[in-house]
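In: task: produce atomic coordinates for the following.
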Amino acid sequence: MAERLIINPDNPQGRFIRRAVEALQTGGVIIYPTDTVYGIGCDIFNKKAIQRVYQIKGKNFRQPLSFICPDLKNISKYAYVSNQAYKIMKHLLPGPYTFVLEATPLVPKKIMLSKRRTVGIRIPDNKICHMLVTEFGNPIVSTSANFSGQEVLNDPDEIEHQFGSLVDVILDSGVLGLEPSSVIDLTGEIPVVLRHGKGDVSMFI
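Out: Residues are numbered from 1 along each chain as shown. Model prediction:
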């Protein structure tokens, strides 16, 4: 069974962050809170862990996985960011958005759209996320905590019930919302809203 750690969302306990990081470093899969929903995550550079995330969710391997970064500077390692895209992201991040950008060669093929070298990148407005990805040092996969095609889970008790035997660590910060991030494609000249979620997208419509 997964190790379930009750973590303070406002003042996250460092020992719990370190425990989750240890799991990631050894190829583990964790469930962690974001500013939208709970995410299932692993190291984006660990192929076996990524395969495990797909298997846990029952997700089609052709469907790409998003990942979280600690800040805008870090994003530039993994995606080509135009001046316009930078201005938009600087205005909205950290926040409940996933931005689709053209990937750099550093990004593993496993988490990209195969026909388009693009990636979905997030910087959640969440202290636990920020501490986790900063301490770990690599981007962390971010896909919603649910089985493919089923409703997103927001209650840690239900998450433990369904995923406790499938993942290694669950960071429990209480019940979250059910609304996913808004997804904005910034690969073209005009931003395109691919999914209207928690983040305000009125400026793009």
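
In: is Lys87 in a helix, a strand, or coil?
Out: At Lys87 the chain is in helix, as set by DSSP: H, G, I helix; E, B strand; the rest coil.

In: strands paired with the strand ranked longest in the chain, and their directions?
Out: Once the chain is assigned using DSSP state E, the strand that runs over the most residues is strand 97-103. Taking DSSP bridges as the criterion, strand 97-103 sits next to strand 79-80 (antiparallel), strand 118-122 (antiparallel), strand 182-185 (parallel) in its sheet.

In: could the ones you listed go into a markdown table alongside mean pLDDT and mean neighbour count?
Out: Every residue, glycine included, has its C-beta placed from N, CA and C. Output for the strands paired with strand 97-103, formatted as a markdown table (pLDDT from 0 to 100; neighbours: other Cβ atoms under 10 Å):
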| stretch | mean pLDDT | mean neighbour count |
| --- | --- | --- |
| strand 79-80 | 96 | 20 |
| strand 118-122 | 95 | 25 |
| strand 182-185 | 98 | 22 |
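
In: buried stuff in stretch 166-180?
Out: Leu166, Val167, Asp168, Val169, Ile170, Leu171, Asp172, Ser173, Leu176, Pro180 (16 or more other Cβ atoms under 10 Å).

In: stretch 73-83 now?
Out: Buried, per 16+ other Cβ under 10 Å, within stretch 73-83: Asn74, Ile75, Tyr78, Ala79, Val81.

In: stretch 58-76 now?
Out: Lys59, Pro64, Leu65, Ser66, Phe67, Ile68, Cys69, Pro70, Asn74, Ile75.

In: next, format these as CSV and append pLDDT, distance to Ile190 and secondary structure.
Out: As requested, those are exported to CSV (pLDDT from 0 to 100; distance: Cβ to Cβ, whole Å; DSSP: H, G, I helix; E, B strand; the rest coil):
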residue, pLDDT, distance to Ile190, secondary structure
Lys59, 89, 29, coil
Pro64, 87, 21, coil
Leu65, 91, 25, coil
Ser66, 95, 21, strand
Phe67, 97, 25, strand
Ile68, 98, 26, strand
Cys69, 98, 24, coil
Pro70, 96, 28, coil
Asn74, 94, 26, helix
Ile75, 96, 20, helix
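
In: from those, pick the one nearest Arg18.
Out: Ranked by distance to Arg18 (Cβ to Cβ), these are led by Pro70 at 16.1 Å.

In: that closest one against Arg122, yeah?
Out: No. If you go by Cβ atoms under 8 Å, Pro70 and Arg122 don't touch, sitting 10.8 Å apart.

In: strands of the protein, start to end?
Out: 3-6, 30-33, 38-41, 66-68, 79-80, 97-103, 118-122, 140-144, 169-172, 182-185, 192-195.
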